[in-house]
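Student: predicted model and sequence follow; I will ask about them next.
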Amino acid sequence: MMKAIRGKVQGRCITFDEDLGIPDGEEVDVTVTVKPKRQWGVGIQRSAGAAADVPGIDEAFEQIERERQAARFRELGT
């Protein structure tokens with residue numbers, strides 16, 4: 001059986017995100033691949049421009065911005 005699964009290292013143990021379905025004491029071979037940490041903001045940079053070809057997206061965001069600018073807030077009573 002070959003299965004790819006994620007987990008976290010805790011000391012000398014690896015805790016997996018889901019049950020492996022393997023009985024306790026079963027001998028297994030493990031290949032470890034360390035997931036590189038991303039710098040803050042990389043995810044948003046990778047998604048930038050994802051909606052560039054969506055018809056009407058600019059107008060929709062302009063409307064959202066107008067509505068945000070026109071929003072009126074009231075003080076909440078204590």
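Tutor: Here it is on my side, so go on.
Student: tell me the centre residue of this protein?
Tutor: G43 (8.4 Å; C-alpha atoms, centre = their mean).
Student: how about the secondary structure of that one?
Tutor: When the structure is split into helix, strand and coil by DSSP: H, G, I helix; E, B strand; the rest coil, G43 lands in helix.
Student: go on, V9?
Tutor: Judged by three-state DSSP, the three-state class of V9 is strand.
Student: tell me the contacts of the residue nearest to the centre of the chain?
Tutor: With contacts defined as C-beta atoms under 8 Å, 6 or more residues apart in numbering, G43 is in contact with no residue. In this view, the C-beta of every residue, glycine as well, is placed from N, C-alpha and C.
Student: A51 too?
Tutor: I57.
Student: in space, what's closest to E18 - neighbours in sequence excluded?
Tutor: Across the structure, with C-beta to C-beta, 6 or more residues apart in numbering as the measure, the residue nearest E18 apart from its sequence neighbours is I5 (6.4 Å).
Student: element containing that neighbour?
Tutor: In the assignment (DSSP states H and E), I5 maps to no helix and no strand.
Student: and D24, what helix or strand is that in?
Tutor: Assigned by DSSP H and E, D24 belongs to neither a helix nor a strand.
Student: before we move on, the earlier item: gap between the residue nearest to the centre of the chain and I64?
Tutor: Taking C-beta to C-beta, to the nearest Å as the criterion, G43 is separated from I64 by 21 Å.
Student: next SSE downstream of the lowest-mean-pLDDT helix or strand in the chain?
Tutor: Taking mean pLDDT, DSSP states H and E as the measure, helix 42-47 is the helix or strand of the chain with the lowest mean score, a mean of 82. Next along the chain after helix 42-47, taking DSSP H and E as the criterion, comes helix 57-70.
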